[in-house]
Every structure is written in C-alpha cells, then in structure tokens.
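**Student:** this one's structure only:
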C-alpha cells in the first residue's frame, strides 16, 4: 500500500484514509492505484468501507503536475470510481474537508456522504480546461439534478456544506470531532448483516424492474 493511502481493517469494517496532508491530499497516480487496490480488497473481505482524509482537506483533486503530464485523462479515475460503485460493501465518504476536482469521482460513487461544516465542493474543469471523469456528470445529476450539476461543472460554482446538504450532495453535516463516529453509527446495521444481504439490497437500486414499481 502507498504511504500516502492508509488502510485500517477492524473485523468487517475497513477505513481507507488519504494521507498526503502537505499537498492537501491531492491525488497522484500511485495514490489512485493504491486506492483501487484497497477498495478491491475491502470489497472481497469487508462489509463496510469508509473513505476519509487526514488533515483539514479531503482532497484537492489531481496533483497538478501529474495532471498536466497526463493524469487528468488517465483511466485510473474511472477504475477507482467504478470499483467503489460495484462494491458489495456499504460505502461511506466521511469528508473531513473540501472536495475538489477529480476527488469527486470516488465521493459520488459512495452510497452515503457525510461532511464537516467547513467543507466546500467544487470541480473546476471549465476553468482548467479538462473534462470531468465520464461517469461524474451522470452520478452528480442523479444526486442533485442536471441544473445544479451544471452549476458545479459548467458555471464552476463552489458549494458550501449547507447548500450541499440542501441539494442532496451530502446526506449529513456533522462536527469534525463526531465525523468518524457518525460514519460508524451509519454502518452498524450493515456490520451485523450477512454480506449477501447488503449486496442484495444495494443491487435493487440498479434494477429497472424494481425502479418501475
């Protein structure tokens, strides 16, 4: 595992933490590969997966030097968000601070999102001249609607936690000291369940036959 991505397993509970605090947890290709590996291992061995960050920022997105060198168009982003979206675990993004740019992908792919009050949300692809990850506009629109998704992706607006909560971009806002406790509280029923039951309920959200009932 990469030193800038730590994995903590306790029984069927897995927490993956971004730990590049000096660079606002900006993501390198090595970190993305480590995240993919950690998510895949958790999906095979755990019932619950929590993604969080060290320090005061969840992630500033792509490391800008690597982004300019090609990381911005790498398939690693989609591989990561796809691995999270396919995970049979209950997945929770416990956002310890601001989420920017490419970091949106892993957050949007989670089942639940909670954040601290100081968190802000922005995805400056218009300003920087990059395209968002292919699945991000769809997932973002599913959560907050296409017009609000365009506020972030096309108008480049920075959204504060209160507005993010009102829009449905995050599900709860909690004080920093309670962030991981709240994430743990949200996962207790899943931890007590059979893993096949977790995946069976999650699969119902993707089944058109159930959606049309």
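**Tutor:** On my side now, so go ahead. Fair warning: this is a prediction, and the values are worked out from it, not measured in the lab.

**Student:** From now on I want contacts and neighbour counts done on CA atoms only, so please keep to that.
**Tutor:** Noted.

**Student:** gap between the longest helix seen in the chain and the chain center?
**Tutor:** As assigned by DSSP state H, the longest helix anywhere in the chain is helix 29-45. In terms of Cα atoms, centre = their mean, to the nearest Å, the centre of helix 29-45 is set 13 Å apart from its chain centre.

**Student:** What is that helix packed up against?
**Tutor:** Contacts defined by 3 or more Cα pairs under 8 Å, 6 or more residues apart in numbering; DSSP states H and E place helix 29-45 against strand 5-10, strand 13-18, strand 48-53, helix 76-86.

**Student:** so residue 97 sits right up against residue 52, yeah?
**Tutor:** No - counting by Cα atoms under 8 Å, residue 97 stays clear of residue 52, with 9.2 Å between them.

**Student:** Give me whichever of the helices and strands packed on helix 29-45 is most buried.
**Tutor:** strand 48-53 (a mean of 26; mean count of other Cα atoms under 10 Å).

**Student:** helices or strands up against the following helix or strand past that one?
**Tutor:** Using DSSP states H and E, the helix or strand that follows strand 48-53 towards the C-terminus is strand 57-59. In terms of contacts (3+ Cα pairs under 8 Å, 6+ apart), strand 57-59 is packed against strand 98-100.

**Student:** which residues touch the strand it packs on?
**Tutor:** If you take Cα atoms under 8 Å, 6 or more residues apart in numbering as the criterion, strand 98-100 is touched by 56-61, 118-124.

**Student:** Note down every partner strand of that strand and its orientation.
**Tutor:** Next to strand 98-100 in the sheet, as set by DSSP bridges, lie strand 57-59 (parallel), strand 120-122 (parallel).

**Student:** Lowest mean pLDDT among the helices and strands, pick that one out for the chain.
**Tutor:** helix 208-211 (a mean of 52; mean pLDDT, DSSP states H and E).

**Student:** Next, format the strands paired with strand 98-100 as a markdown table and append mean pLDDT, distance to residue 146 and mean neighbour count.
**Tutor:** Listed next are the strands paired with strand 98-100 as a markdown table, based on pLDDT from 0 to 100; distance: least, Cα to Cα, whole Å; neighbours: other Cα atoms under 10 Å:
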| stretch | mean pLDDT | distance to residue 146 | mean neighbour count |
| --- | --- | --- | --- |
| strand 57-59 | 98 | 24 | 28 |
| strand 120-122 | 98 | 15 | 22 |
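
**Student:** Out of those, which is closest to residue 177?
**Tutor:** Residue 177 lies closest, by Cα to Cα, to one member of the strands paired with strand 98-100: strand 57-59, at 14.6 Å.
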